[in-house]
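Okay, predicted coordinates and the sequence, questions at the end:
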Amino acid sequence: MSFTTCEIKCPANLINKGYPSSITVTCISAKEVGNVPNPVSWKLLTTHSVENFEEALQIVNWYTARWYIEQVFRLLKKQGFGIEESELESGWALRKLVVMQLAALLKILQMNIAYSQPEGGQPIEEIFDAEQIEVLHKLDRKLQGNTQKLQNNNNPKTTKWATWIVARLVGWKGYDSQGPPGVIVLRRGLERLGFIIEGIRLEKDVGTR
């Protein structure tokens with residue numbers, strides 16, 4: 001990561017409209033290194049004062065948080081929960097719907113974050129209940145591939161292990177070259193997991209009658 005100070009001049013069509021002739025900003029260049037699929041390469045401009053590496057890193061961390069905000073909006077919209085298609089007429093009803101969706105949305109973000117963390121994210125019990133974990137173990141055995149690259153080599157006590165299974169349910173292959181599963185894939189996978197659990201419940205219910 002590197003940074004430098006630069007100056008942006010006012011566009012010619014705005015010179016006579018009271019705008020300053022130029023603005024001083026800091027340009028920060030940040031790039032992921034190492035064996036990372038599709039490494040990010042950011043060029044960030046900020047009006048915040050940046051005097052050292054720590055302050056530059058703070059700007060990058062702020063922008064990273066903005067990325068998660070964008071993921072929240074993406075999940076709420078058409079490819080995710082489709083909030084725009086809601087036929088609710090009152091703002092209060094719409095707010096309640098969003099709050100209910102945020103519970104599932106938070107789980108998806110926790111899974112997405114877990115896949116990028118070396119330790120595998122949070123303990124699985126913090127994200128999934130006992131019934132879900134039991135079903136995930138059964139699915140894990142079914143979804144394992146024939147080669148090392150197509151096997152779930154993650155710690156079963158971590159959220160990353162569960163994320164691998166949820167993503168595989170909807171066609172994600174699991175290859176390192178493919179990159180981690182995205183939030184839309186995880187949303188669909190969670191939906192599929194819910195259908196599977198409901199089917200298991202129905203089978204148990206029928207068997208006890």
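That came through, no problem. Residues are numbered from 1 along each chain as shown.

who's in contact with L169?
139, 143, 189, 192-193, 196 (C-beta atoms under 8 Å, 6 or more residues apart in numbering). The way it works is simple: take the backbone N, C-alpha and C, and place the C-beta from them, glycine included.

Can you report phi and psi for it?
The phi and psi values for L169, taken as degrees, to the nearest 10, are phi -60, psi -20.

Output the contacts of L169 as a markdown table; include the columns distance to I23 and secondary structure.
Compiled in a markdown table, the contacts of L169 are given as follows (distance: C-beta to C-beta, whole Å; DSSP: H, G, I helix; E, B strand; the rest coil):
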| residue | distance to I23 | secondary structure |
| --- | --- | --- |
| L139 | 54 | helix |
| L143 | 53 | helix |
| G189 | 45 | helix |
| R192 | 49 | helix |
| L193 | 49 | helix |
| I196 | 55 | helix |
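
Pick out whichever of those residues sits closest to Q110.
G189 (13.6 Å; C-beta to C-beta).

How much space separates the closest one from S21?
G189 sits 53 Å away from S21, going by C-beta to C-beta, to the nearest Å.

Repeat that for E131.
For E131 relative to S21 (C-beta to C-beta), the value is 65 Å.

Next one: L109 from Y68, what distance?
Distance from L109 to Y68, by C-beta to C-beta: 6 Å.

returning to that earlier point: ok, and the most crowded of the contacts of L169?
In terms of neighbour count, G189 stands highest of the contacts of L169 at 24 neighbours, by other C-beta atoms under 10 Å.

Let me know whether that residue touches V166 as I believe.
Yes - using C-beta atoms under 8 Å, G189 is in contact with V166, at 3.7 Å.
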